[in-house]
Each structure stands twice: as structure tokens, then as C-alpha cells.
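Colleague: Need a 3D model of the sequence below.
(one chain, ligands or ions: 1)
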Amino acid sequence: MSALAAGIGHVLLVIGGLLARHLLASAALIAAYCLRVLISPHKRCGRCKGTRVARHLLTRRLRRCGRCKGYGKHQRLGARALHRLRWHVTSEIAALRERRSAAREEEQA
Ligand SMILES: [Zn+2]
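Modeller: I've put the predicted structure just below:
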């Protein structure tokens, strides 16, 4: 009975270790992706490969790429949300600094 309990405990430990390792790996991957998006939020358009023109499906004529609307690039997944978050954080920090300096000037006066 105790051997069975020890066996189950061992299996649980192994599963827990695997989960923790994968959790760390996925967290690292997500962090790397966020950094990538913050550094370069745009990605070359997959349909026109950045040329801004693509062939029409039926007529095969060259026309402005419909996926990127002639921009040649498109935003990476989550780029807008991440940059909005960054702007929110930086503006909050700036407001905090502004309030602190105003309070300091009031103290001096
Ligand atoms: Zn395109």
C-alpha cells in the first residue's frame, strides 16, 4: 500500500516537474515574442511578400495587395495591444513624475 502511495507520489512529482518546466519554457517564449513585437511591430506581408502588389485569383492581373492594402507590411499578432499597454505605462510614469515635481515645488514655496 505504502509502495503504491510512494509510486503515485513519484508520478505526481514527475508530472509536476514536467509542467513547471513547460510553464517556464512557454513563459520564456511569450516574453521573447513580446520583446520581438515591441522591437518590430510590423511583419512583411505574407501574400505580396512586401511588394505591395499581388495577382488577382481569377484574372491573374497585378493589383494592389488586398491583405496589406498596398502597405507591404502588416502588424504582428498583439502588436497594437502591446504598444497601447506600453504607451499607457509610459504616460502613467510621466504623470507620476509631473505630480511629484509639482509637490516638490509646492514644498519649496
Ligand atoms: Zn500585401
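
Colleague: and residue 43, what element?
Modeller: strand 42-44 (DSSP states H and E).

Colleague: Within the sheet, what are the partner strands of that strand, with directions?
Modeller: Partners of strand 42-44 in the sheet, by DSSP bridges, are strand 73-75 (antiparallel).

Colleague: one step back: any idea which helix or strand comes after the strand holding residue 43?
Modeller: Proceeding N to C from strand 42-44, the next assigned helix or strand is strand 53-55, under DSSP H and E.

Colleague: In the sheet, which strands lie alongside the helix or strand following that next one, parallel or antiparallel?
Modeller: Counting by DSSP H and E, the next helix or strand C-terminal to strand 53-55 is strand 62-64. Looking at strand 62-64 with DSSP bridges, its partner strands are strand 53-55 (antiparallel).

Colleague: List the buried residues in the strand it pairs with.
Modeller: Across strand 53-55, burial judged by 16 or more other Cβ atoms under 10 Å covers residue 54. No exception for glycine: its C-beta is placed from N, CA and C like everyone else's.
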